[in-house]
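> Give the three-dimensional model of this entry:
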Amino acid sequence: MMLIALAPTFLMKPQKKPARRPGGPADSVSVTAPVPMPGPGVALPTTPSTGDQALEAAPAQPITVTSALYSYTISTRGGAITQVTPSSYKSLYHAEKGEPVRLIPDSGSINQLGMIVGNDTLHFGDWTFTPSAGSLTVTSRDSLVLTAQRGEVGIALVYRFRADDYQIDVSGRAVGLGPVGGTLLISMGRGMRQTEADTNANLYDYGVVTKTDESKLVKFSSLDPGEVLTLSGPFEWTAVKSKYFVTALLAVDSGAARISGATVRAPAAPAKVHAAEVMFGVPVGASGVFNYRIYAGPMEYPRLRAIGHDFYDINPYGWPGFRTMIRPIAVGARWLLVWMHEHLSLAYGAVLVVFGVLIRILLWPLNQRGMRASMRMQALQPEMQRIQDKHKNDPQKLQAEVMQLYKREGVNPFSGCWPMLLPWPVLLALFFVLANTIELRGQSFLWLPDLSLKDPLYVLPVLMGASMFGLNKIGMSGMPPNPQTKMMLYFLPLMMTVMFLNFASGLNLYYFVQNLASIPQQWLLARERRKAQGTAAAAVPAPVVSSRKKR
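Here you go, the predicted model:
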């Protein structure tokens, strides 16, 4: 079963690596989309705003945009979003533990760096913009307008915020460039800020995700130092992600041009790459108008799914090739866990205990049927052995006799197997739910500081292995001696204990509860097996001993 679960990881063809460039400017993206239109509800200027060259030297000023859901910091320098703070989440990183989580590194920002027009690149990432307000409190859908001008060239940016969502609608117009289209260059900074207690697991998930027909992930750790990747679009959306958070650029509105390309530049210094400069290109028509959308916040599955266009695939449940099977189970399990936590006021650890017992109760009839089918198969073993000995030199006759035996006794040789396999998709789904669901992030239970991380004392993996040994020991009671079965009795619990040592403690808790909840059923069936064996032994006639004396 483990081989089947893990084989796709090794057998699938690796994704073709995008073209590598040794260096050079990261601005070669093509324009293929139609002319975009400005965002709704905001009038953009048709001529450059009144500005002066003195604004160029003005110091950058932060503009704070807040709602009950988030806090954004926008700089007048380049109109860049320099910080994103989701209000509901705290940092678990040891240096900032307990502080409000921040997604953008101190040196990074989401910034419109400039525009490629013909063979020239206009840089306005360092321009000083004039804002329509010094701060903004978002109550429904409120806008912030920033304008800047140098000579005959001007640009206006409009950020439109939603009080109850992490999406930001961005509209803009560049004027003074003439009737020539171009490509807007948008920097996503140098990855994501460290926010997690398990820093290595978080760094492992850092990467860029792009969506055409399907989503593709390029992890920063897969890059060589100094490597530059050019990813060719057009894309519906592109994103930079960590384990639980994401900053994304979306072109999912009917009037928005697709993102034309992306460039990922790894730093030259470190031996192991954990961050990279990421830049996206958005086509701009001859009118100079552009619009797109930003999502900057947590990977909460309902919000990601509501956006559409498979945006939830940023946080995948399952390996490629297995997602189709695992995702429905994972989504259902996630919904049930969150629902029980919110409506029954249970801690997530208690929810996992209840969930494990519920799964066992639901599967009880199927397991009962499967175990009894196994008992019937065991009862046929002597007859099976007789048929094999009789027709060992005639495979066709052997197969015909075995199938006739199954038909006569009403036994399906596979009926005892598939009920045993049903809990495995749930277990695999929970593996991804516990590792990637942000609602379980930082949730403690008993001595466990975080159900999404390993047990620091390794108590649960040991208990899980011990409960598996006890379950198998009871299940084998009354079975005929078998060296292979006896070996598996000891080997399988040991193997599973070692494998689960570094898995999420919540997964170990669920599996441990599953084993405990299965013991009564195994004990009842073992007693039924021994009783059947006793009845069969009593039915065998005793050998007749003659009392006649030998003459």
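> Do a quick rundown of the helices in the stretch 301-450 of the chain.
Using DSSP state H, counting those that start in this stretch, the helices of the stretch 301-450 of the chain run over residues 301-307, 323-343, 348-379, 381-390, 395-409, 418-421, 423-436.
> Which residues outside the fourth one are in contact with it?
Taking CB atoms under 8 Å, 6 or more residues apart in numbering as the criterion, the residues outside helix 381-390 that touch it are 398, 401-402, 405, 480. Every residue, glycine included, has its C-beta placed from N, CA and C.
> That one vs helix 395-409, what angle?
Here the directions of helix 381-390 and helix 395-409 differ by 160 degrees (axes from the mean of the first three to the mean of the last three CA atoms, to 10 degrees).
> from the chain's centre, how far out does helix 381-390 sit?
50 Å (CA atoms, centre = their mean, to the nearest Å).
> what's the answer for the last one, then?
Mean-position distance between helix 423-436 and its chain equals 11 Å (CA atoms, centre = their mean).
> got it, and the fifth one?
On the basis of CA atoms, centre = their mean, helix 395-409 is displaced by 48 Å from the centre of the chain it belongs to.
> Same question for it: list its buried residues.
Judged by neighbour count using 16 or more other CB atoms under 10 Å, the buried positions of helix 395-409 are 398, 401-402, 406.
> pLDDT and distance to residue 347 added to these, as CSV?
Output for the buried residues of helix 395-409, formatted as CSV (pLDDT from 0 to 100; distance: CB to CB, whole Å):
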residue, pLDDT, distance to residue 347
398, 78, 57
401, 79, 58
402, 78, 53
406, 74, 49
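> Give me the domain ranges for this structure.
19-45+60-315, 328-537 (automatic domain parsing).
> among those, which gets the worst mean confidence?
Mean pLDDT is lowest for domain 328-537 out of those, coming in at a mean of 80.
> for this structure, longest helix please?
Longest helix in the chain, counting residues (DSSP state H): helix 505-539.
> on that earlier part again, which of the buried residues of helix 395-409 lies closest to residue 99?
residue 406 (65.7 Å; CB to CB).
> Okay, that closest one and residue 393: tell me how far apart.
Separation of residue 406 from residue 393 (CB to CB, to the nearest Å): 22 Å.
> Now do the end-to-end distance for stretch 211-228.
For stretch 211-228, the separation between the terminal residues is 19 Å (CA to CA, to the nearest Å).
> Return the set of buried residues in that stretch.
For stretch 211-228, by 16+ other CB under 10 Å, it's 211, 215-220, 223, 227-228.
> Stretch 178-191 now?
Neighbour count says stretch 178-191 has 181-191 buried, by 16+ other CB under 10 Å.
> Those residues in strands, which ones?
182-187 (DSSP state E).
> need the contact list for residue 197.
Going by CB under 8 Å, 6+ apart, residue 197 touches 92-94, 97, 442, 449-450, 453.
> Tell me the buried residues within these.
92-93, 442, 450, 453.
> most packed of the domains of the chain?
For the domains of the chain, the largest average neighbour count (mean count of other CB atoms under 10 Å) is found in domain 19-45+60-315, namely a mean of 19.
> how far does that domain sit from the chain's center?
Here domain 19-45+60-315 is found 21 Å from its chain centre; the criterion is CA atoms, centre = their mean.
> wait, doesn't residue 292 sit right on residue 252?
No: under the criterion of CB atoms under 8 Å, residue 292 is not in contact with residue 252, lying 9.1 Å apart.
> Skipping its backbone neighbours, what lies nearest residue 74 in space?
Spatial nearest neighbour of residue 74, excluding adjacent residues (CB to CB, 6 or more residues apart in numbering): residue 63 at 4.5 Å.
> ok, back up a step: return the member of the buried ones among the contacts of residue 197 nearest to residue 275.
Taking those together and measuring to residue 275 by CB to CB, the closest member is residue 93, at 14.9 Å.
> for the closest one, what are its contacts?
Counted by CB under 8 Å, 6+ apart, residue 93 has contacts 194-197, 199.
> same question, residue 97
Residue 97 neighbours (CB under 8 Å, 6+ apart): 90-91, 197.
> Including distance to residue 248 and secondary structure, could the residues you listed go into TSV?
What follows is the contacts of residue 97, written out as TSV (distance: CB to CB, whole Å; DSSP: H, G, I helix; E, B strand; the rest coil):
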residue	distance to residue 248	secondary structure
90	22	strand
91	21	coil
197	24	coil
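> could you measure residue 361 against residue 520, distance?
According to CB to CB, residue 361 and residue 520 sit 11 Å apart.
> And residue 171, by the same measure?
Going from residue 171 to residue 520 by CB to CB gives 63 Å.
> try residue 437
Residue 437 is 31 Å from residue 520, by CB to CB.
> give the contact list for the residue lying closest to residue 113 once chain neighbours are set aside.
Among residues not flanking residue 113 along the chain, residue 125 sits closest, at 3.9 Å (CB to CB, 6+ apart). By CB under 8 Å, 6+ apart, the contact list for residue 125 reads 78, 80, 111-114, 187.
> Assign residue 125 to helix, strand or coil.
Following DSSP: H, G, I helix; E, B strand; the rest coil, residue 125 is assigned to coil.
> May I have the phi/psi pair for it?
Here is the backbone geometry of residue 125 (degrees, to the nearest 10): phi -70, psi -20.
> so who does residue 237 touch?
Contacts of residue 237 (CB under 8 Å, 6+ apart): 210-211, 248-252, 259, 309, 311.
> Looking at the residues you listed, which are in strands?
Counting by DSSP E, those place 210-211, 248-250, 259 in strands.
> and of these, the nearest to residue 156?
Taking CB to CB as the measure, residue 156 lies nearest residue 249 of these, at 19.1 Å.
> Against residue 290, how distant is the closest one?
Computed with CB to CB, the distance linking residue 249 and residue 290 is 12 Å.
> any residues in contact with both of these two?
Counting by CB under 8 Å, 6+ apart, the residues touching both residue 249 and residue 290 are residue 282.
> and the helix or strand harbouring the residue nearest to residue 74, C-alpha only, in PDB?
Assigned by DSSP states H and E, residue 63 falls within strand 62-66. These are the backbone C-alpha positions of strand 62-66, laid out as PDB (Å, rounded to 0.1, in the frame of the first residue of the first chain):
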ATOM      1  CA  PRO A  62       4.100  55.300   4.500                       C
ATOM      2  CA  ILE A  63       0.400  55.200   3.900                       C
ATOM      3  CA  THR A  64      -1.500  52.800   6.200                       C
ATOM      4  CA  VAL A  65      -4.600  51.000   4.900                       C
ATOM      5  CA  THR A  66      -6.500  49.100   7.600                       C
END
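> Show me what it is packed against.
strand 70-75, strand 135-137 (3 or more CB pairs under 8 Å, 6 or more residues apart in numbering; DSSP states H and E).
> ok, and what's touching it?
71-76, 82, 131, 133-138, 144, 159, 161.
> For residue 258, grab phi and psi.
When read as degrees, to the nearest 10, the backbone of residue 258 gives phi -70, psi 150.
> Okay, and the nearest residue to it once chain neighbours are set aside sits in which element?
In this structure, residue 258 finds its nearest non-sequential neighbour in residue 234, 3.2 Å apart by CB to CB, 6+ apart. When secondary structure is defined by DSSP H and E, residue 234 falls within strand 228-235.
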